[in-house]
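J.: Quick one, what's the 3D model for this:
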Amino acid sequence: MKGTDHAKLSRRERQIMDIIFELGQATTAEVLDKLADPPSYSAVRAMLRILEEKSHLKHHSAGPRYVYQPTVSRQVARESAIKRVVRTFFDGSTEQAMAALLDLSSAQIAPDELDRLQQMIEQARKEGR
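T.: Sure, this is the predicted structure:
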């Protein structure tokens with residue numbers, strides 16, 4: 001699917017995509033401002049152009065500036081990223097991924113969140129997932 005394969009992006013390209021997903025849309029200056037250890041303005045502009053050529057971004061003009069937006073929704077990108085993480089780090093096991101998430105945040109999960117998770121699991125069982 002167009003714009004969702006972050007595995008083929010460089011580390012810096014992924015950082016830029018993360019910033020744009022976080023902001024919803026961004027100019028070169030906004031991306032530059034949020035990048036850790038940023039390269040030059042022209043280097044960021046070049047990377048944005050490359051991401052557009054790879055169909056991860058699109059732009060529109062706002063006066064003299066280009067404003068970049070992802071070509072897929074945050075939800076689609078999120079699902080693609082989660083699938084990649086589960087496949088890469090948990091050998092495709094949703095159970096192992098969920099266990100790791102619960103281990104990481106066990107002290108931070110509120111009772112109502114656990115109830116909602118339980119309801120999602122029950123719904124998945126009903127649907128045969």
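J.: CA atoms for contacts and neighbours, from now on please.
T.: Will do.
J.: Can you find the helix or strand of the chain with the lowest average pLDDT?
T.: helix 94-105 (a mean of 86; mean pLDDT, DSSP states H and E).
J.: can you pull the buried residues of it?
T.: Ala97 (16 or more other Cα atoms under 10 Å).
J.: What of stretch 16-25?
T.: 16-17, 19-21, 25.
J.: and which of these is nearest to Gly63?
T.: Gln25 (15.2 Å; Cα to Cα).
J.: Please tell me the pLDDT value assigned to that closest one.
T.: Per-residue pLDDT puts Gln25 at 96.
J.: now Glu52
T.: On the pLDDT scale, Glu52 gets 96.
J.: Which residues are in contact with it?
T.: 58-59 (Cα atoms under 8 Å, 6 or more residues apart in numbering).
J.: part of a strand, is it?
T.: No: applying DSSP: H, G, I helix; E, B strand; the rest coil, one finds Glu52 to be helix, outside a strand.
J.: all strands of this structure, in order?
T.: 57-62, 65-70 (DSSP state E).
J.: tell me the angle the first one makes with strand 65-70.
T.: Between strand 57-62 and strand 65-70, the angle formed by their directions is 150 degrees, by axes from the mean of the first three to the mean of the last three Cα atoms, to 10 degrees.
J.: Can I get strand 57-62 in CSV, CA atoms only?
T.: Output in CSV follows, covering the C-alpha atoms of strand 57-62 (Å, rounded to 0.1, in the frame of the first residue of the first chain):
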residue,chain,number,x,y,z
LEU,A,57,4.1,12.6,1.4
LYS,A,58,2.2,15.1,-0.7
HIS,A,59,2.3,18.9,-0.4
HIS,A,60,0.3,22.0,-1.0
SER,A,61,1.4,25.6,-1.2
ALA,A,62,0.7,28.0,1.6
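J.: So what are the sheet partners of that strand and their directions?
T.: According to DSSP bridges, strand 57-62 forms sheet pairs with strand 65-70 (antiparallel).
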